[in-house]
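Chemist: this one's structure only:
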Ligand code: 5CA
Ligand code: ZN
């Protein structure tokens, strides 16, 4: 599907600092050793109740990965999916008495507007499940041909599962104990209780058609619809091949979603690792709990925009928190973001200032050190403070600083 408009990424003074990023599988911060072309896959929204601050934090975090790689001279191929066929989407549509396709489309439109407002660079491929159906069916069929699947039949309906024992690799990404895996599987769309499965953790690849549910012709798989994890595996592999540099999403996706996506891709290619880095945005909370659609404790980007809040200030609030630490959205934080933006605007609209070279290097270094955006913002704060209190006679400095924060932080003054 159509993504959202792209943005110019200005040139930044100084030299590239190679990106180092935490990899969940290795549990260490390691260099992203991308070649000329870097492949980035980020799990996209299930289109209802978008875009809340948790979603926004995730996409801004991976926008930093995108920007740092771009500024460092890599060409980035960025792919993001849209889970436009999914039970929670059907349930919401039924609750509200609307068609699930209409709900999905409206919410994707809203998501595009929010991403544009937040200056997130668009993916090169923004792919809905419905439009990727053939690719997904081909991936499941390949796993069947490889003998890594089995079927469970109930009331004449056939479901196809991945056979984890045949595929291998369980636990190598998440490092969770089995009890936690079982709990997460039950909480996050799996069916560990289901009778007839070889391993309760085996993920469903193809769900046979049930009455009243949408279904597609799966060829030998029969009519039905895809399981969740195989969608991301198939979409990522179609556009980025059998190896990607960075796989991203929120920490709620580490298990089973990312673990299964990786196992499936490796089962298809016979090669590993599928993702050289898997990185996760920590959960953003509100009023003492994880901000989530199911709880309804949401602060939406569109809601704040409607109140007249400058989306650049929202982005500054998001960047003020390191992606690996959990945090809560508060009004005070937003007020501080609005103030910070106002100071930056004042400092960068003068016709001279203190030399910006060192501050820009600090921003590059902080971001390349596992996306340390809070430290990057403080480096810019310090330069702005000096500029506003002491002034400076380097005519090009405010412009250089403005271009650096635009290119690297996505802050467009
Ligand atoms: N469609 C699937 C991924 S294939 C999905 O998880 N959709 S979602 O709409 O629930 O979430 C979209 C993205 O936002 C995911 O990467 C998810 O991990 C992330 N996310 C959801 N809630 C939060 C939160 N409270 N804090 C941070 N990130 C979140
Ligand atoms: Zn996904």
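Modeler: Nice, I can see it. If you're wondering where the values come from, they're calculated on a predicted model, not measured in any experiment. Ligands and ions are numbered 1, 2, ... in the order given.
Chemist: what about the helices in the protein?
Modeler: For the chain, the helices defined by DSSP state H cover 53-71, 87-96, 100-117, 133-145, 164-167, 178-187, 228-240, 259-269, 301-306, 311-319, 331-347, 357-368, 373-390, 397-409.
Chemist: tabulate these (JSON lines), appending distance to residue 40, mean neighbour count and mean pLDDT.
Modeler: To be clear about C-beta, it is placed using only N, CA and C from the backbone, and glycine gets the same treatment. As requested, these are exported to JSON lines (distance: least, CB to CB, whole Å; neighbours: other CB atoms under 10 Å; pLDDT from 0 to 100):
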{"stretch": "helix 53-71", "distance to residue 40": "6", "mean neighbour count": "24", "mean pLDDT": "98"}
{"stretch": "helix 87-96", "distance to residue 40": "25", "mean neighbour count": "14", "mean pLDDT": "94"}
{"stretch": "helix 100-117", "distance to residue 40": "15", "mean neighbour count": "19", "mean pLDDT": "98"}
{"stretch": "helix 133-145", "distance to residue 40": "19", "mean neighbour count": "19", "mean pLDDT": "98"}
{"stretch": "helix 164-167", "distance to residue 40": "25", "mean neighbour count": "17", "mean pLDDT": "98"}
{"stretch": "helix 178-187", "distance to residue 40": "25", "mean neighbour count": "14", "mean pLDDT": "98"}
{"stretch": "helix 228-240", "distance to residue 40": "8", "mean neighbour count": "25", "mean pLDDT": "98"}
{"stretch": "helix 259-269", "distance to residue 40": "14", "mean neighbour count": "25", "mean pLDDT": "98"}
{"stretch": "helix 301-306", "distance to residue 40": "22", "mean neighbour count": "16", "mean pLDDT": "98"}
{"stretch": "helix 311-319", "distance to residue 40": "18", "mean neighbour count": "23", "mean pLDDT": "98"}
{"stretch": "helix 331-347", "distance to residue 40": "26", "mean neighbour count": "16", "mean pLDDT": "98"}
{"stretch": "helix 357-368", "distance to residue 40": "15", "mean neighbour count": "20", "mean pLDDT": "98"}
{"stretch": "helix 373-390", "distance to residue 40": "17", "mean neighbour count": "18", "mean pLDDT": "98"}
{"stretch": "helix 397-409", "distance to residue 40": "16", "mean neighbour count": "23", "mean pLDDT": "98"}
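Chemist: contact partners for the residue nearest to residue 355 when sequence neighbours are not counted?
Modeler: Leaving aside its sequence neighbours, residue 355 sits nearest to residue 394 (CB to CB, 6 or more residues apart in numbering; 4.9 Å). By CB atoms under 8 Å, 6 or more residues apart in numbering, the contact list for residue 394 reads 352, 353, 354, 355, 356.
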